[in-house]
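Q: this one's sequence-less:
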């Protein structure tokens, strides 16, 4: 029995807006806790907390598995092609292409998330044929709303996505960006 090939390439490197978005590697594992083990990230994202080296290794393994299944791409956000500053995510779902992001506390305030989202949105359009990409975020997450706005997204007139994660209820607002 043959398996269906992944619609995503085994390796990805995207350049644009002064960034290099690249695959996570084993060499990044020591840096990942410094990026993701933070109260803001623990609160607003589904990432595990505490985020230690074991969590980093599990995330890397999950990234590779989901990429192979053709459902998710996780890329390190870098400015130099080496040092990770955060992560940008592309997920293929029933509703289309969804993007997500997290930037380490030491790297915030430089527009990395908005730029990374624009670069990955362009990839979704050019390589995956997406007409629209979406972000799902909590309206109370002021920093994430600012990123969405700077990246050219606008709230869509659709119902909130309600659920619970880590014992905390949430209501996600869907933001969209139509691509050229």
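A: Now that the structure is in, tell me what you want to look at. All values reported here derive from a predicted model rather than from experimental measurement. Residues are numbered from 1 along each chain as shown.
Q: hmm, who's touching stretch 58-69?
A: Applying C-beta atoms under 8 Å, 6 or more residues apart in numbering, the contact partners of stretch 58-69 are 6, 8, 10, 24, 26, 28-29, 32, 36, 47-48, 72-74. Glycine gets a C-beta too; all of them are placed from N, C-alpha and C.
Q: Residue 176 sits in which helix or strand?
A: Following DSSP states H and E, one finds residue 176 within strand 168-178.
Q: strands paired with that strand, and their directions?
A: strand 132-137 (antiparallel), strand 154-155 (antiparallel), strand 161-165 (antiparallel) (DSSP bridges).
Q: Of all these, which one comes closest to residue 14?
A: strand 132-137 (14.1 Å; C-beta to C-beta).
Q: The closest one: how far from the chain's middle?
A: Remark: strand 132-137 is offset 11 Å from the chain centroid, using C-alpha atoms, centre = their mean, to the nearest Å.
Q: Which strands and helices lie in contact with the next helix or strand after that strand?
A: As assigned by DSSP H and E, the chain's next helix or strand after strand 132-137 is helix 142-150. Helices and strands touching helix 142-150, by 3 or more C-beta pairs under 8 Å, 6 or more residues apart in numbering; DSSP states H and E, are helix 112-128, strand 132-137.
Q: Could I get the ones you listed in CSV, plus columns for distance to residue 104 and mean pLDDT?
A: Output for the helices and strands packed on helix 142-150, formatted as CSV (distance: least, C-beta to C-beta, whole Å; pLDDT from 0 to 100):
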stretch, distance to residue 104, mean pLDDT
helix 112-128, 9, 96
strand 132-137, 18, 95
